[in-house]
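K.L.:
coords please:
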Amino acid sequence: MLLFVVCAAACAEDGAANPRNQHMMTTEGVFNYYDYSPRFASSGQPTAAQLAELQADGFQRVVYIAFSDQDRSLKAEDRIVKELGLDYIHIPVDWKAPLAREYDAFARAMRAAPERKTLLHCQANFRASVFALLYRVLELDVPLAQAKADMNRVWVPNVVWTQFARGVLQANGVDADCAGCDWTPSTIGD
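P.N.:
Residues are numbered from 1 along each chain as shown. Next comes the predicted model:
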């Protein structure tokens, strides 16, 4: 796992694809890209050229859930996305203190146009992979064990994000302790 963390940091700089992801389309090179379904994917920070590739792949909406002044944020991403003709939604989520209302805002946006092919992203697909798990379980009725396994292919959440995910699940009446769901937090991102 330590090797992946080192690779993740290096790959974030040069845009190399996540070698563990078998779901690549022409989105090759988008850091930590994971395709959950024909209409929903998550990733780390795409470049302007990669956003154009996503648009060519049929994406219609981009949801960004980190702060716009993050180290690797794409300057003027909102303008770039809009000029490509895509919907753009920005929900800034504090890495150290995610809030259930931020997930709720994301879920409302997705419910408003569920047919829109959507990329959910942050900087490394850590925040986004947790939001994707929650959305898939709470809105799309994907079994928790399956959604958790997919999330873990991207990232095993740290303590903050494990507690956040479990709390949102519990608040929505979902028992996080499913068969095969190991919620032991990682130290990645602490």
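
K.L.:
hey, what's Phe40 bridged with?
P.N.:
Phe40 forms beta bridges with Ser37, Thr118, as assigned by DSSP bridges.

K.L.:
So what's the residue count around it?
P.N.:
21 (other C-beta atoms under 10 Å). (C-beta placed from N, C-alpha, C; glycine too.)

K.L.:
Now do it against Gly167, distance only.
P.N.:
When distance is defined by C-beta to C-beta, to the nearest Å, Phe40 is 23 Å away from Gly167.

K.L.:
do Ala124 as well
P.N.:
From Ala124 over to Gly167 (counting by C-beta to C-beta), the distance is 22 Å.

K.L.:
and those two? which has more neighbours close in?
P.N.:
Shown here are Ala124 and Gly167; by other C-beta under 10 Å, Ala124 has more neighbours (24 against 15).

K.L.:
show me what contacts the closest residue in space to the more buried one that isn't next to it in sequence?
P.N.:
Excluding the flanking residues, the one nearest Ala124 by C-beta to C-beta, 6 or more residues apart in numbering is Gly44, at 4.5 Å. For Gly44, the contacting residues are Ala12, Val30, Phe31, Asn32, Tyr33, His121, Cys122, Gln123, Ala124, Asn125, Ala128, by C-beta atoms under 8 Å, 6 or more residues apart in numbering.

K.L.:
how many neighbours does the third one have?
P.N.:
Residues contacting Phe31 under the criterion other C-beta under 10 Å number 25.

K.L.:
my guess is it contacts Cys122, does it?
P.N.:
No: applying C-beta atoms under 8 Å as the test, Phe31 and Cys122 come out as separate, 10.4 Å apart.

K.L.:
Distance check, the residue nearest to Ala124 against Asn172.
P.N.:
26 Å.

K.L.:
Cheers, nothing more for now.
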